[in-house]
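S.K.: Based on what follows, work out the 3D shape:
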Amino acid sequence: MPHTTDIGFQLHHLSNLLKRRMEHSALSLHMDDNVTRNNGWILNYLAHHSERDIYQKDIENDFGIRRSTVSKVIRLMEEKGLLCREAVPNDARLKKLTLTPEGKKLQAAIEREQQKTEQLLRQAVSEEELEIFFQVMEKFRKSIQ
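M.R.: The predicted model follows:
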């Protein structure tokens with residue numbers, strides 16, 4: 001059994017708590033059981049980067065998810081009517097990802113719930129501690145990439 005001071009154990013534990021909170025929020029929003037947490041993060045990502053074209057490769061890079069996984073998630077989100085892939089005029093191979101009206105509606109609800117969680121987390125620490133946290137997390141990411 002991992003020791004409670006193991007970094008990986010602590011990150012996993014916190015991740016599970018966040019997942020559980022978001023699942024509870026999803027139930028309170030009466031969201032479709034087929035909408036996953038990753039769908040919510042991707043919907044928010046697309047909404048917050050709407051000023052530029054977003055492609056599957058952007059999701060892969062910024063979320064640290066494998067190409068095959070992103071392909072599957074995007075395809076399922078498209079089937080659920082949350083986003084669509086649109087051809088790009090200058091390159092027929094590229095398909096930009098855009099939110100559908102249903103995706104925008106769901107994204108707004110999810111973001112409100114995520115902001116509540118973010119506020120709770122930020123209230124627990126000082127700005128200085130938060131800055132150190134982000135610096136440490138960046139070091140962790142770089143060390144395992």
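
S.K.: correct me, but Leu83 touches Ile74?
M.R.: Yes - between Leu83 and Ile74 there is a contact under C-beta atoms under 8 Å: 7.2 Å. C-betas here are computed from N, CA, C, even on glycine.

S.K.: Can you work out which residues contact both of those two?
M.R.: Counting by C-beta atoms under 8 Å, 6 or more residues apart in numbering, the common neighbours of Leu83 and Ile74 are Ile42, Leu97.

S.K.: Averaged pLDDT, stretch 96-103. What do you get?
M.R.: Taken as a whole, stretch 96-103 has an average pLDDT of 94.

S.K.: residues of that stretch that come out buried?
M.R.: By neighbour count with 16 or more other C-beta atoms under 10 Å, stretch 96-103 contains the buried residues Lys96, Leu97, Leu99, Gly103.

S.K.: Can I get the residues you listed in JSON lines including distance to Val70 and secondary structure?
M.R.: Formatted as JSON lines, the buried residues of stretch 96-103 follow (distance: C-beta to C-beta, whole Å; DSSP: H, G, I helix; E, B strand; the rest coil):
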{"residue": "Lys96", "distance to Val70": "14", "secondary structure": "strand"}
{"residue": "Leu97", "distance to Val70": "10", "secondary structure": "strand"}
{"residue": "Leu99", "distance to Val70": "16", "secondary structure": "strand"}
{"residue": "Gly103", "distance to Val70": "16", "secondary structure": "helix"}
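
S.K.: What about Ala47, how many residues nearby?
M.R.: Neighbours of Ala47 under the rule other C-beta atoms under 10 Å: 15.

S.K.: Out of the buried residues of stretch 96-103, which comes closest to Val35?
M.R.: Gly103 (10.0 Å; C-beta to C-beta).

S.K.: Isn't that closest one up against Gly81?
M.R.: Yes - contact criterion C-beta under 8 Å: Gly103 and Gly81 qualify, at 7.3 Å.

S.K.: and the nearest residue to Ser71 once chain neighbours are set aside, what pLDDT?
M.R.: Closest residue to Ser71 apart from its sequence neighbours, by C-beta to C-beta, 6 or more residues apart in numbering: Gln56 at 6.8 Å. On pLDDT, Gln56 comes in at 92.

S.K.: One more: the one 5 residues further on?
M.R.: Per-residue confidence for Asn61 comes out at a pLDDT of 92.
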